[in-house]
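>>> Could you look at this predicted model? Sequence included:
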Amino acid sequence: MSTATLTYPRCATKNNPADGHELHPTIQVIFPDGQRPDQSPVFSRNELFIPATPESVWACLVHAKDWPQWYANAKNVEIDGGGEQLGLGTRFHWTTFGIRAHTVITEYVPNERLSWSGKGLGATAYHGWVIQACEGGCIVVTEETQQGFAVGLGRALLRRGLLKWHQRWLEGLAHLTSTNHGA
């Protein structure tokens, strides 16, 4: 599904005349100082209306070890201490975009916000998810910033890759929650 074909009753929207999509500018990740979009060479933002409850979406997001089953860009997810799901302060390691990333959960508000800070191959990243309940489901926003020497050199390519794969992540989440958990 695409946000271009849906309306969101009871959710503040702003039309983007460039592509016709409805945007939800008030739904944003809270970036720490030094990793905000205006301080980073790479920033990506994706959002999707998902016809499922925030609880269903949340349950899928915090079970990171299951991501490879529905998001092809996540591999070999390992949670320190052998845990089954993410929590505040949880450290986890995974391969994404072919790079082994070492991450820690920095924000954890059940059914609303999940963010982590990560490092890999000389780059740093901050990735967050925001879930906002709406009539008929929820809007899910994911945003990421990246920094580092290689990131600065390949910013256009990296941003395109993030936009493409994060949209697939959202679509996989939408498919999983609608087939396994319902709305």
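Ah, there it is.
>>> CA only for contacts and neighbour counts going forward, please
Will do.
>>> In stretch 153-170, which residues are buried?
Arg155, Leu158, Arg159, Leu162, Leu163, Trp165, His166, Gln167, Arg168, Trp169, Leu170 (16 or more other Cα atoms under 10 Å).
>>> Pull the contacting residues for the fourth one.
Shown here is Leu162, whose contacts under the criterion Cα atoms under 8 Å, 6 or more residues apart in numbering are Ser44.
>>> what about Ser44, distance to Leu162?
Distance check for Ser44 against Leu162: by Cα to Cα, to the nearest Å, it reads 6 Å.
>>> Gly83 too?
Gly83 is 27 Å from Leu162, where distance means Cα to Cα.
>>> ok, back up a step: show only the entries of the buried residues of stretch 153-170 found in helices.
Residues of the buried residues of stretch 153-170 located in helices (DSSP state H): Arg155, Leu158, Arg159, Leu162, Leu163, Trp165, His166, Gln167, Arg168, Trp169, Leu170.
>>> Out of the residues you listed, flag the one nearest to Gly137.
Nearest to Gly137 out of these is Leu170 (Cα to Cα; 13.8 Å).
>>> Isn't the closest one up against Glu47?
Yes. If you go by Cα atoms under 8 Å, Leu170 and Glu47 touch, sitting 7.5 Å apart.
>>> Contacts only, for Glu112.
For Glu112, the contacting residues are Pro54, Trp58, Trp129, Val130, Ile131, Gln132, by Cα under 8 Å, 6+ apart.
>>> same thing with Ile139?
Glu47, Leu48, Phe49, Ile50, Ile131, Gln132, Ala133.
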